[in-house]
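Colleague: what's the 3D shape of this:
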Amino acid sequence: MKYISLVALYGAKPSSFSSFVARGQTRIVDLLGRSFQPYNMHQIHATITALQDVPGTQYWNANFYQYRHREEPMDFEGFLDFLRYGNYFPFYVRIGAFKPVEHPFLSQAQTPYERSFILQGDKAVMIGWPIYWDGQAVPHQLDILSKDIVYPHVLEEIRRAFQSFNILHSYHSKETDVDNDFYFRIGQIRQGILDDSLRERVRAILRDVLSEEEPLILEIRRADIFIVVSEDETFRPSATRAWSIIDPQVSPEFIKSLYV
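Modeller: Sure, this is the predicted structure:
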């Protein structure tokens, strides 16, 4: 099966992000040993939305077909124009340092502390959220507890806007669904080793570890957004190709060629 997605930060990473993720991976290895397979740093990415089509159609969006029973051909020209010329970039994302008592917003009815690390089946997942500050402070100098810090629905707005181009985000299966999460898988756990007790222990320890980190503020620029096609759902480098949306060769016809 071929996997086609729009993602952030595939390939080269800011060193601060790589170090942050590596510390989390190391802690899981400490807990699970060889039962945890950390992802290669190159393949780690934040999914913005899937771009799967319905096989045998003229680029019908798979999510619209599955969740809304609509036969919608994806508008790649409008999609690219929105990404290249819209006013959403750059935006900033905060990862880590969410304390148990800090409740600036909820994600899927949970606090950012609870959602900062989750186990999605056999996948280990870290999550951050868009952040905005009022003032001239540079990101690494932010006082994250300042009253000027807010958490806008940037990713939710971007993902919802894709519907105008007949692209439905997986986590918008219902009209009322909201997804503002900047989520990225960091590794895979061998199936069958996680009973309920061990699953909860891993989650609790990693959430505490992340809460004690210094907050990581990432700048997400247009150049950090990629069209990615892979023969493997983990997007391992040897099975994956990626193109930044600012690459001149990425055109509507180029994207269509990826489905062949």
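Colleague: dump the residue contacts of the residue nearest the centre of the chain.
Modeller: For the chain, Ala46 is the residue whose C-alpha lies nearest the centre (CA atoms, centre = their mean; 2.7 Å). By CB atoms under 8 Å, 6 or more residues apart in numbering, Ala46 lies in contact with Val7, Ala8, Leu9, Phe182, Tyr183, Phe184. Any C-beta I mention is one placed from the backbone N, CA and C, and that applies to glycine too.
Colleague: wait, the first one sits on Ala50?
Modeller: No. The pair Val7 and Ala50 does not pass the contact test of CB atoms under 8 Å, sitting 9.6 Å apart.
Colleague: When these two are compared, which one has more neighbours?
Modeller: More neighbours surround Val7 than the other of Val7 and Ala50, with 22 against 18 (other CB atoms under 10 Å).
Colleague: can you tell me the helix or strand for that one?
Modeller: Per DSSP states H and E: Val7 is located in strand 3-8.
Colleague: which SSE is Leu210 in?
Modeller: Assigned by DSSP H and E, Leu210 falls within helix 196-211.
Colleague: Residues in contact with that helix: which ones?
Modeller: Contact with helix 196-211 is made by 23-24, 27-28, 31-32, 95-100, 113-114, 116-119, 124, 126, 194, as judged by CB under 8 Å, 6+ apart.
Colleague: got it, and stretch 56-64?
Modeller: Contacts for stretch 56-64 (CB under 8 Å, 6+ apart): 50-54, 70-74, 76, 166-170, 172-173, 256, 259.
Colleague: redo that, cut-off 7 Å
Modeller: Applying CB atoms under 7 Å, 6 or more residues apart in numbering, the set of residues contacting stretch 56-64 from outside is 50, 52-54, 70-74, 166-170, 256, 259.
Colleague: Of those residues, which belong to helices?
Modeller: Lys256 (DSSP state H).
Colleague: Any chance of a PyMOL selection covering the buried ones in the contacts of stretch 56-64?
Modeller: Typed into PyMOL, the next command selects the buried ones out of these (criterion: 16 or more other CB atoms under 10 Å):
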select buried, resi 50+52+53+54+72+74+166+167+168+169+170+259
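Colleague: which one among the contacts of stretch 56-64 gets closest to Lys2?
Modeller: Lys2 has its nearest neighbour among those in Tyr259, at 7.3 Å by CB to CB.
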